[in-house]
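S.K.: Structure here, sequence nowhere to be found:
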């Protein structure tokens with residue numbers, strides 16, 4: 001049973017699709033060459049790893065950071081307006097000065113950013129997609145070197 005969170009299943013899809021496309025379809029069916037297949041399979045693993053790492057990095061790091069910044073940008077005017085009107089209350093504490101209110105606003109925004117960025121990660125078996133991609137790229141490189149050495153010998 002495969003356990004994944006979010007779009008983590010795409011790690012399996014990307015790597016499997018590249019292996020099947022390059023090794024199975026192109027290497028075996030089109031070129032009909034065992035030598036080509038022995039080079040194209042590791043290349044498929046490498047390319048699937050690149051796709052997985054890039055998409056995983058976007059899903060787990062880039063997009064949450066953008067969402068956190070957009071939230072903070074939208075939330076700041078509301079908090080500043082509440083501070084000007086004297087209705088700003090954070091953790092049942094109302095600020096007594098403008099500087100204290102500004103510090104409270106920054107604290108609320110930073111806590112919200114951390115909460116948004118620290119949301120659920122897209123993963124397979126609790127391993128983030130970008131790590132799976134890096135592992136697949138490393139394995140693809142190792143197998144590519146091994147198949148190249150076998151071809152030279």
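M.R.: Everything's here; your move. Since the model is a prediction, treat every value here as computed from it, not as a measurement.
S.K.: which residues of the protein fall in strands?
M.R.: Taking DSSP state E as the criterion, the chain contains strands spanning 4-5, 123-124, 127-128.
S.K.: Pick the most deeply packed of the ones you listed.
M.R.: strand 123-124 (a mean of 22; mean count of other C-beta atoms under 10 Å). Every C-beta, even on glycine, is put in place using the N, C-alpha and C of the backbone.
S.K.: ok, it: who's next to it in the sheet?
M.R.: Sheet pairing of strand 123-124 (DSSP bridges) gives strand 4-5 (antiparallel), strand 127-128 (antiparallel).
S.K.: returning to that earlier point: now mean pLDDT and distance to residue 151 too, for the strands of the chain, in CSV please.
M.R.: Formatted as CSV, the strands of the chain follow (pLDDT from 0 to 100; distance: least, C-beta to C-beta, whole Å):
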stretch, mean pLDDT, distance to residue 151
strand 4-5, 90, 36
strand 123-124, 94, 32
strand 127-128, 94, 32
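S.K.: closest one to residue 38 among those?
M.R.: With C-beta to C-beta, the closest approach to residue 38 among the strands of the chain belongs to strand 123-124: 26.9 Å.
S.K.: Name the surrounding residues that touch that closest one.
M.R.: The contact list for strand 123-124 (C-beta atoms under 8 Å, 6 or more residues apart in numbering) reads 2-6, 8-9, 11-12, 129, 132.
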